[in-house]
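Colleague: Structure of the sequence below:
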Amino acid sequence: MKKQILLYLALAVVACSCKNVAKINADEAGAVITEYLEANPEYKTARFNFGELKFNSDKEREELEKYRQLANEGYISLSLVEAKKKFLSKDSSYTYLVKLTDKASDLVIKQDEDRATVKVVNYELANEKPVNFNRVNDNNAKVTVTLKKNNTPFAPFQKNMDENSTFLTKTYRLKLDKEAGWKVVK
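Modeller: Numbering: from 1, shown residues only. Prediction:
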């Protein structure tokens, strides 16, 4: 009888130890997401024109102010090529040569001959909001995080400046890799 009980107890211990359930909690999931965001940052882009640009109307003069602000911050160089000023007229025309500087290189994603795709908003993990953690099964989990919005100097060039929130909620799927641990999968 003792041998039978010891045999059942040994089998129970072996059965429990064979089931390898990976454990993860909200803090560990947040750390995995943080590591992923450092390697693959979230951002929003817009198109930015440079080269020889002509500014005529009042609306284009507002656009010129955006360029002047970037020039003051050192992200572009702005030099007047031609000014056709008409006395007491709204038909005055200004032509500027706009060049990107080295300081803007971190924000430029893609560059063509006279246009560039630039980062207008960077998203970073918000520390004040908790990670919403949902375990799907032993090897998968869904993690919803709040990313706060940080505008770059190129933010005035985005199409929709009047967005309704200062944050973004995003859900990432985590999967357990037996060698590497928990990883974000797309």
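Colleague: any idea which helix or strand comes after the helix or strand bottoming out on mean pLDDT in the chain?
Modeller: Ranked by mean pLDDT, DSSP states H and E, the helix or strand of the chain with the weakest confidence is helix 2-18, at a mean of 46. Past helix 2-18, further along toward the C-terminus, the next helix or strand under DSSP states H and E is helix 26-39.
Colleague: Output that following helix as CSV, restricted to C-alpha atoms.
Modeller: The C-alpha coordinates for helix 26-39 follow below in CSV (Å, rounded to 0.1, in the frame of the first residue of the first chain):
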residue,chain,number,x,y,z
ALA,A,26,1.6,43.0,-16.2
ASP,A,27,5.0,44.4,-15.1
GLU,A,28,6.9,41.9,-17.2
ALA,A,29,4.6,42.5,-20.2
GLY,A,30,5.3,46.3,-19.8
ALA,A,31,9.0,45.6,-19.8
VAL,A,32,8.7,43.6,-23.0
ILE,A,33,6.7,46.3,-24.7
THR,A,34,9.2,49.0,-23.6
GLU,A,35,12.1,47.0,-25.0
TYR,A,36,10.1,46.5,-28.3
LEU,A,37,9.3,50.3,-28.5
GLU,A,38,13.0,51.2,-28.1
ALA,A,39,13.9,49.0,-31.1
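Colleague: So what are the sheet partners of the following helix or strand past that helix and their directions?
Modeller: Once the chain leaves helix 26-39, the next helix or strand it forms, by DSSP H and E, is strand 42-49. When sheet partners are counted by DSSP bridges, strand 42-49 sits next to strand 115-125 (antiparallel).
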